[in-house]
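*Asks:* Sequence first, then the predicted structure, then my questions.
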Amino acid sequence: MENPKEKTGASGSSSTGGKTLADQGIIENIFERALWNVRFIVLLGVVFGALSAIVLFIAGSSEIYQILIGYFMAEQHALTHEQILIAIIGAVDFYLIGLVLIIFSFGIYELFISEIDIARFKGGFGSLLDIDNLDDLKNKIIKVIIMVLIVTFFQRILSMEFTTSLDMLAMAVSIGVICAGVFFLGRHGH
């Protein structure tokens, strides 16, 4: 840890623009320390975000397990292909939302508390943990949320009944718009 006195310039202020701890009054120092420690409230978001992610991963796995049981234990495979796909896509939806919560938990922990040292020592997680500011965190979360929306759209499409050619045209246009959005999102990321 740096000594605050080493950061002072000729004017007595620190190189970051504020006063040194020695130049502050007692009340100002106590208040700033208390205010700075309020950041630990984000630990609630970290813990409950991680717990929510665990619940979503368990729910998604349970959904897939139920489909497997229903498929293999039924006498004549009572489930249709459509029912199987809808359930599996629903599970993928749970997993993706769980990933959003994990990324959120990692991001706010690293932004407000400390870097996750063990992940950096193990290696291979650099791109996931490269969150330098709230915009980086927002961009990572937005990309996963867009994937959730696409998966949810796909799930809804599978359960729809198409009665007219206009229904098919609307579906084709919707898929085209989603593809264009994903394309431009990918170009924006580079």
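*Replies:* Thanks, I have the structure now.
*Asks:* Give me the contact list for stretch 65-73.
*Replies:* Counting by CB atoms under 8 Å, 6 or more residues apart in numbering, stretch 65-73 makes contact with 77, 78, 79, 84, 87, 88, all of which sit outside it. For every residue, glycine as well, the C-beta is placed using N, CA and C.
*Asks:* if you average pLDDT over it, what comes out?
*Replies:* Model confidence over stretch 65-73 averages 85 on the pLDDT scale.
*Asks:* Check which residues of that stretch are buried.
*Replies:* Within stretch 65-73, the residues that qualify as buried by neighbour count (16 or more other CB atoms under 10 Å) are residue 67.
*Asks:* then it to PDB, C-alphas only?
*Replies:* Once non-C-alpha atoms are left out, stretch 65-73 reads as follows in PDB (Å, rounded to 0.1, in the frame of the first residue of the first chain):
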ATOM      1  CA  TYR A  65     -34.000 -34.300 -16.000                       C
ATOM      2  CA  GLN A  66     -37.800 -34.300 -16.200                       C
ATOM      3  CA  ILE A  67     -37.700 -34.500 -20.000                       C
ATOM      4  CA  LEU A  68     -35.200 -37.400 -19.900                       C
ATOM      5  CA  ILE A  69     -37.400 -39.300 -17.400                       C
ATOM      6  CA  GLY A  70     -40.500 -38.600 -19.400                       C
ATOM      7  CA  TYR A  71     -38.800 -39.700 -22.600                       C
ATOM      8  CA  PHE A  72     -37.100 -42.900 -21.400                       C
ATOM      9  CA  MET A  73     -39.600 -44.100 -18.800                       C
END
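*Asks:* ok, residue 24 touching residue 32?
*Replies:* Yes. Under the criterion of CB atoms under 8 Å, residue 24 is in contact with residue 32, at a separation of 7.3 Å.
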